[in-house]
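Engineer: I'll drop the sequence and a predicted model, then ask my questions.
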2 protein chains.
Amino acid sequence: MTEAYKGIFPIAPTIFHDNGDLDIEGNKRVMDLMIDQGVDGICILANYSEQFLLTDEERHQVMLLSIEQVAGRVPVIVTTSHFSTRIAAQRAKAAADAGAKMLMMMPPYHGALLKADEDGMIEHFARVADASGLPIILQDAPLAGVNMSVPFMVRLAKEVPLVCYFKIEIAGTANKLRALIEAGGKAVVGPFDGEEAITLMADLDAGATGTMTSAMIPDLIKPIVTAHAAGDRKKAAALYRDVLPIINFENRQCGLRATKSLMKEGGVIKSEAVRHPLVPLHPKTREGLIELARELNPLALRWGK
Amino acid sequence: MTEAYKGIFPIAPTIFHDNGDLDIEGNKRVMDLMIDQGVDGICILANYSEQFLLTDEERHQVMLLSIEQVAGRVPVIVTTSHFSTRIAAQRAKAAADAGAKMLMMMPPYHGALLKADEDGMIEHFARVADASGLPIILQDAPLAGVNMSVPFMVRLAKEVPLVCYFKIEIAGTANKLRALIEAGGKAVVGPFDGEEAITLMADLDAGATGTMTSAMIPDLIKPIVTAHAAGDRKKAAALYRDVLPIINFENRQCGLRATKSLMKEGGVIKSEAVRHPLVPLHPKTREGLIELARELNPLALRWGK
């Protein structure tokens, strides 16, 4: 790595046809849209990509087509989490071979109860790092059911130096970022937040240098990050105030379906289908979302027209 | 289905080489051992089979080789759980095509938080039943993080009649079995327990007609079930008392590693490796297990010698 990644690295949704099959063209169009949204990089196969609803083969297919379509225009981050260390390492190697620039990983987990102890987690990441040689962004999110302390994360970063980016998206993200930056020093190359940027302003104030939003309105969120990085906190706060209602609506009412609805509405994709047991947005919820979006006129609503 | 399955249907472990690769021969030998143990059926790809540490391709391979090796000598139950309804249905169809006699499934779950609501669960099982035409044993275990009430399970059995077997292995299994049998009537064809048979006597007293133990000592557990079914509760209790120390040691000290250790010790398999982040038994724990086993002299300790 020559320079640290900073800025906005949204999650790409995985696009399906109405019958649930992968929509290859739709997935490619999402890559092009996201680059036009001005993103600094694209993260694929994350939870907002419905990674938990894909077969191994589909994951591989989405990875290859995404990296090919992006064709080096921005870095692609590939999520390679698996409870099995061996399988996570195999996925990581495949991502490196395909041209990924970074991996995103949760700590190993399965279901509500299975996790590794701290030594097991270190070993897990060490083997993945060895297999791929890629920097890793550690995802600290409630879904894994794993509580990682700041001292543990710093130990991990020191023992496995490729783990140098951290995406915090839990209750109290800003304070955890602050503590991590202080305790980790140079080992923490990239403190990021996530969760649709619902706490972005507080997280930037705490020292976040990157954000992993959804792909819904990164064109409108990027200027907040840019203004804040340039020292214009007032401008950042004003821009944040403008987008907070739709981010709040996305975060609390829609989840990963919001991005797909805007992209469908804007002609980017043909179907906003999600895979069962996820269910479509209630029509009234969708209406509320699109109403908020129209006021902001983001690229996703215009790109395919 | 002509007759209800009753008796002992243990979980087959998945056997690896020391380097973590699937051991095809080892997996086949386990099938032969289990039939010699006198089991009434074999369940594969369950949690005790380390299903959460296998790729999709490895699951498929283990399924095919197991069913082929068993060759109809006993029914094979294939676990096909996946959070995605579509993928669970695809796995179920593949199991039916391969010759499975039943499916085992947990309700849809992913990580600590993702689950379906009750309508979503009904739909999930309905689509799997449609895709396969096979009876389904619903697994009610803490790992999924899903609380299923007795009224819900009865509703599921009535709306999706192929869901007619129930493997309860939670806190208070005996009383849940009792309530399920009473509320479900004929819709509950097979009330089973699981969890290594750690609560077998209470569960049989509550009306369980089947048990899903590990493959460690089914030859010694089957006589308990047989005696109890024949009305000889006293004999069942005495036999249960004899095996409880090793079952307790398995359940609380070893988990899925116990079966593999006995099979290795008895020359059934060449490696008792588990996949990281699972770790080998502590040597002292293993010693304690084998000591308890030697007193009982189960088939697993003798079969490969």
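Structural biologist: Received it, and whenever you're ready, just let me know what you need.
Engineer: going by C-alpha atoms from here, please, whenever you check contacts or count neighbours.
Structural biologist: Noted.
Engineer: which parts of chain A are helices?
Structural biologist: Per DSSP state H, chain A carries helices over the ranges A:24-36, A:56-70, A:85-98, A:118-132, A:150-159, A:173-184, A:200-205, A:218-229, A:233-249, A:257-265, A:283-296, A:299-302.
Engineer: how about the last one as CSV, C-alpha atoms only?
Structural biologist: As requested, C-alpha coordinates have been extracted for helix A:299-302 and formatted as CSV (Å, rounded to 0.1, in the frame of the first residue of the first chain):
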residue,chain,number,x,y,z
LEU,A,299,-28.0,10.5,-9.1
ALA,A,300,-29.6,7.1,-8.5
LEU,A,301,-33.0,8.7,-9.4
ARG,A,302,-31.7,10.2,-12.6
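Engineer: report the buried residues of it.
Structural biologist: Neighbour counts over helix A:299-302 (16 or more other Cα atoms under 10 Å in any protein chain shown) mark A:299, A:300, A:301 as buried.
Engineer: and the stretch 151-300 of chain A, which residues reach chain B?
Structural biologist: Residues of the stretch 151-300 of chain A lying close to chain B (Cα under 8 Å from any Cα of the partner chain) are A:275, A:276, A:277, A:278.
Engineer: shouldn't the second one be in contact with residue B:87?
Structural biologist: No - Residue A:276 is not in contact with residue B:87 according to Cα atoms under 8 Å; the separation is 9.8 Å.
Engineer: quick revisit: could the residues of the stretch 151-300 of chain A next to chain B go into CSV alongside neighbour count, pLDDT and distance to residue B:208?
Structural biologist: Converted to CSV, these look like this (neighbours: other Cα atoms under 10 Å in any protein chain shown; pLDDT from 0 to 100; distance: Cα to Cα, whole Å):
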residue, neighbour count, pLDDT, distance to residue B:208
A:275, 22, 98, 36
A:276, 20, 98, 33
A:277, 22, 98, 31
A:278, 20, 98, 34
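Engineer: any weak-confidence spans in the stretch 101-250 of chain A?
Structural biologist: Within the stretch 101-250 of chain A, no stretch has pLDDT under 70.
Engineer: excluding covalently adjacent residues, which one is nearest to residue A:202?
Structural biologist: In space, and not counting its chain neighbours, residue A:202 is closest to residue A:174: 5.9 Å by Cα to Cα, 6 or more residues apart in numbering or on different chains.
Engineer: returning to what we had before: mean neighbour count, the helices of chain A: which tops it?
Structural biologist: helix A:257-265 (a mean of 24; mean count of other Cα atoms under 10 Å in any protein chain shown).
Engineer: and the residue lying closest to residue A:87 once chain neighbours are set aside, how many residues sit next to it?
Structural biologist: Nearest residue to residue A:87 in three dimensions, chain neighbours excluded: residue B:55, at 7.1 Å (Cα to Cα, 6+ apart). For residue B:55, the neighbour count with other Cα atoms under 10 Å in any protein chain shown is 17.
Engineer: just want to check the distance between residue B:55 and residue A:215.
Structural biologist: Distance of residue B:55 to residue A:215, computed by Cα to Cα, to the nearest Å: 29 Å.
Engineer: go on, residue A:68?
Structural biologist: Distance of residue A:68 to residue A:215, computed by Cα to Cα: 19 Å.
Engineer: skipping adjacent residues, who's closest to residue A:257 in space?
Structural biologist: Using Cα to Cα, 6+ apart, the nearest residue to residue A:257 is residue A:281, at 6.9 Å.
Engineer: I figured the one you found hits residue A:256, correct?
Structural biologist: No - Residue A:281 lies out of contact with residue A:256 (Cα under 8 Å); the separation is 10.1 Å.
Engineer: which of these two has more residues huddled nearby?
Structural biologist: Taking other Cα under 10 Å, residue A:281 and residue A:256 do not tie; residue A:256 has more neighbours (23 against 19).
Engineer: how near is that one to residue B:232?
Structural biologist: Counting by Cα to Cα, the gap from residue A:256 to residue B:232 is 57 Å.
Engineer: what do you get for residue A:99?
Structural biologist: Note on residue A:99: its distance to residue B:232, by Cα to Cα, is 66 Å.
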